[in-house]
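A.B. asks: sequence first, then the predicted structure:
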Amino acid sequence: GDVEVLHWWTSGGEARAANVLKELMEAEGHTWEDFAVAGGGGETAMTVLKSRAMSGNPPSAAQIKGPEIQEWGELGLLGDLDAVAEAQDWQALLPETVAEVMRHDGHYVAVPVNVHRVNWLWANPEVLEDAGVEMPTTLDELFAAEEPLRAAGYIPLAHGGQAWQDATIFEDIVLAEGGSDFYRRALVELDPDALGGEQMVEALSTFKRLRELMDDDMSGRDWNIATSMVIEGDAAMQLMGDWAKGEFTAAGLTAGEDYLCAPAPGTASVFTFNIDSLAMFRVSDEADREAQQDLARLVLEPTFQEAFNLAKGSIPARPDLDMSEFDRCAQQSLADFQRTAEEGGLVPSMAHGMAVPAAVQGAIFDVVTNYFNDSDMEAEEAAQRMVNTAQAIL
Ligand SMILES: OC[C@H]1O[C@H](O)[C@H](O)[C@@H](O)[C@@H]1O
């Protein structure tokens, strides 16, 4: 049968990973129709998906994540994968944190391909050494690194000026300043006291200070271009989820030697998760439905889970795989995922669509990116705007 898959995996590392699935599906005799929509973070892809669904022409599968799976489920457009889930025993195979995101109304409607960690710092060790700087583990160390790095001729922090990237580093700062409980109250439960309170004002002020570490040309830059600045040695560091590791891997670089990874400064006790998943749309053709079932089965088989995640930079969605092929960053990610799940530091990424409905996420993005790019807006005003927008939507 045919499967048309809508996704936004278009950077070097992302495309290599997506190709793993295409090849596995073709090896099973299916036809893979690739519907890739460029634009990191997936905002454009979701807009395109909505217009296709509205015009009655949805793809057979799409990269849909987190609470948005519920929104599509509510529309009655998604088919269920219960038969595959039972045959592969997803109940036993998947951590409940992952499994519950894939279910709508008690039925599996999506399959998880991985677990990304968002709160990472990446660095070029040669650049750090040349400037006499240690890998920062606290925000103070991160800001203190600016002077020696600039004096040695480097951009301290490579960043891409796009709303989702601004929101990604914003949530790293909220976690570093307030910890996982504060993060949950503010950016998951949208508690107005946390979202608009003193601690958020402090976090917003610190967030804006990150601009001091960036270059003037960052506006609109794609995330993988920022990663290549670290790879090339023009910039020392980048705050980004571990899809960035897919770029280092695609460049043939070795973790811990050619590049470094560490939890975003001040967030070692936290793991901000972002789970990519493929949701299946209802299809009438029996052969296409079979192809969808095969796609879901293949995605959770060890062959795909290993090959895809080695290329993508994430860790497998099923924690029972032999991880000996994975590098030290992935090993640490899996260990931290399990540790934080026990200790209470495992939180859904707001910036990557795991925490709040899409409309609320979009509204928070607007406030965060306008504040970050408007030197006149005070932190107090930004905090109040976040409260207002959240209340207006909910
Ligand atoms: O495009 C950058 C990243 O955006 C999202 O966070 C996706 O979940 C991830 O798979 C992708 O690599």
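C.D. replies: Cool, the structure landed.
A.B. asks: quick one, helices of the stretch 1-150 of the chain?
C.D. replies: With DSSP state H, counting those that start in this stretch applied, the stretch 1-150 of the chain shows helices at 12-27, 43-54, 67-74, 82-87, 90-93, 96-99, 125-131, 139-144, 146-151, listed in chain order.
A.B. asks: make JSON lines from those and add distance to residue 341, mean pLDDT and mean neighbour count to it.
C.D. replies: C-beta: built from backbone N, CA, C; applies to glycine. What follows is the helices of the stretch 1-150 of the chain, written out as JSON lines (distance: least, Cβ to Cβ, whole Å; pLDDT from 0 to 100; neighbours: other Cβ atoms under 10 Å):
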{"stretch": "helix 12-27", "distance to residue 341": "24", "mean pLDDT": "94", "mean neighbour count": "19"}
{"stretch": "helix 43-54", "distance to residue 341": "28", "mean pLDDT": "94", "mean neighbour count": "16"}
{"stretch": "helix 67-74", "distance to residue 341": "20", "mean pLDDT": "96", "mean neighbour count": "17"}
{"stretch": "helix 82-87", "distance to residue 341": "21", "mean pLDDT": "97", "mean neighbour count": "16"}
{"stretch": "helix 90-93", "distance to residue 341": "16", "mean pLDDT": "96", "mean neighbour count": "14"}
{"stretch": "helix 96-99", "distance to residue 341": "7", "mean pLDDT": "96", "mean neighbour count": "15"}
{"stretch": "helix 125-131", "distance to residue 341": "30", "mean pLDDT": "98", "mean neighbour count": "16"}
{"stretch": "helix 139-144", "distance to residue 341": "25", "mean pLDDT": "98", "mean neighbour count": "16"}
{"stretch": "helix 146-151", "distance to residue 341": "35", "mean pLDDT": "98", "mean neighbour count": "16"}
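A.B. asks: among these, which comes closest to residue 382?
C.D. replies: Distance to residue 382, taken as Cβ to Cβ, is lowest for helix 139-144 among those, at 18.7 Å.
A.B. asks: for residue 275, give its distance to residue 115.
C.D. replies: Separation of residue 275 from residue 115 (Cβ to Cβ, to the nearest Å): 6 Å.
A.B. asks: also residue 295?
C.D. replies: With distances taken as Cβ to Cβ, residue 295 is found 19 Å from residue 115.
A.B. asks: could you find the closest non-adjacent residue to the residue in the stretch 251-394 of the chain positioned nearest to the ligand?
C.D. replies: Across the stretch 251-394 of the chain, the shortest distance to the ligand (Cβ to the nearest ligand atom) belongs to residue 352, at 4.2 Å. Excluding the flanking residues, the one nearest residue 352 by Cβ to Cβ, 6 or more residues apart in numbering is residue 274, at 3.8 Å.
A.B. asks: determine the three-state secondary structure at the residue of the stretch 251-394 of the chain closest to the ligand.
C.D. replies: coil (DSSP: H, G, I helix; E, B strand; the rest coil).
A.B. asks: quick check: residue 294 touching residue 30?
C.D. replies: Yes. Using Cβ atoms under 8 Å, residue 294 and residue 30 qualify as a contacting pair, with a distance of 6.3 Å.
A.B. asks: show me which of those two is the more surrounded one.
C.D. replies: residue 30 (21 against 18; other Cβ atoms under 10 Å).
A.B. asks: the closest residue to that one other than its chain neighbours: what's it in contact with?
C.D. replies: Counting by Cβ to Cβ, 6+ apart, residue 30 lies nearest to residue 291, which is 4.6 Å off, once chain neighbours are set aside. The contact partners of residue 291, by Cβ atoms under 8 Å, 6 or more residues apart in numbering, come to 1, 2, 3, 25, 30, 31, 60.
A.B. asks: which of those residues are buried?
C.D. replies: Using 16 or more other Cβ atoms under 10 Å as the burial test, the contacts of residue 291 include 1, 3, 25, 30, 60 as buried.
A.B. asks: ok, and the closest non-adjacent residue to the third one?
C.D. replies: Once flanking residues are discounted, residue 25 sits nearest to residue 32: 4.7 Å by Cβ to Cβ, 6+ apart.
A.B. asks: any figure for the gap between the one you found and residue 303?
C.D. replies: Per Cβ to Cβ, residue 32 is found 16 Å from residue 303.
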